[in-house]
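Trainee: fold the following for me, if possible:
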Amino acid sequence: MTTKLVIGLDGRSTGERALAYAKDMARLIGDCELLPVYVIEWSPFTFQTAEENEQRHKRREEEISVALERVIDPAVKALKAEGHKARGIVRHGHVADTLNAICEEEGGQQIIVGRSSEGGWAQKLFGSAAANLVMSASVPVTVIS
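Mentor: Down below sits the predicted model:
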């Protein structure tokens, strides 16, 4: 049975560290598929006109294209070049909930994310995505510092 590891990427060095750890784990596991994931924060709770919704949909599609081009596709290409099984995923949503949902949908055994040292007041009030994921995930979560 293939072990699936979901790796949360953020386009920064924290995601790169998570990816490096996942590659090490894949080598130890053997039969392993790596699933790099980029979640674009998105709130569905807004009140907009039909025109605004149309523009919003177009923006969503553009954001997905940019995330694939800049973060996910290069990561998947590098993983495959190193001999790993890999597939990338980009979605809009709340980071912790979306990573966990993808892991469940894909039959993943573990989620690996980087700990962000950036934060500010919002993080102090609401917590980081990594902390929320650790508290709510249905599978083990590894947070890389």
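Trainee: mind listing the helices for the chain?
Mentor: With helices called from DSSP state H, the chain shows them at 13-29, 50-67, 73-81, 95-106, 121-126, 129-136.
Trainee: so which residues make contact with the last one?
Mentor: Counting contacts by C-beta atoms under 8 Å, 6 or more residues apart in numbering, the residues outside helix 129-136 that touch it are 8, 95-97, 99-100, 111, 113-116, 141, 143. The way it works is simple: take the backbone N, C-alpha and C, and place the C-beta from them, glycine included.
Trainee: tell me the buried residues in it?
Mentor: 129, 130, 132, 133, 134 (16 or more other C-beta atoms under 10 Å).
Trainee: off-centre distance for that helix?
Mentor: 13 Å (C-alpha atoms, centre = their mean, to the nearest Å).
Trainee: could you do the longest one as well?
Mentor: Here the centre of mass of C-alpha atoms in helix 50-67, compared against the chain's by C-alpha atoms, centre = their mean, lies 19 Å away.
Trainee: and the fourth one, by the same measure?
Mentor: Distance of helix 95-106 from its chain centroid, counting by C-alpha atoms, centre = their mean, is 8 Å.
Trainee: the third one now?
Mentor: A distance of 15 Å separates the C-alpha centroid of helix 73-81 from that of its chain, computed with C-alpha atoms, centre = their mean.
Trainee: tell me what angle that helix forms with helix 50-67.
Mentor: For helix 73-81 against helix 50-67, the angle by axes from the mean of the first three to the mean of the last three C-alpha atoms, to 10 degrees is 30 degrees.
Trainee: quick one: list the elements packing against helix 73-81.
Mentor: Contact partners of helix 73-81 among helices and strands, from 3 or more C-beta pairs under 8 Å, 6 or more residues apart in numbering; DSSP states H and E: helix 13-29, strand 32-40, strand 85-86.
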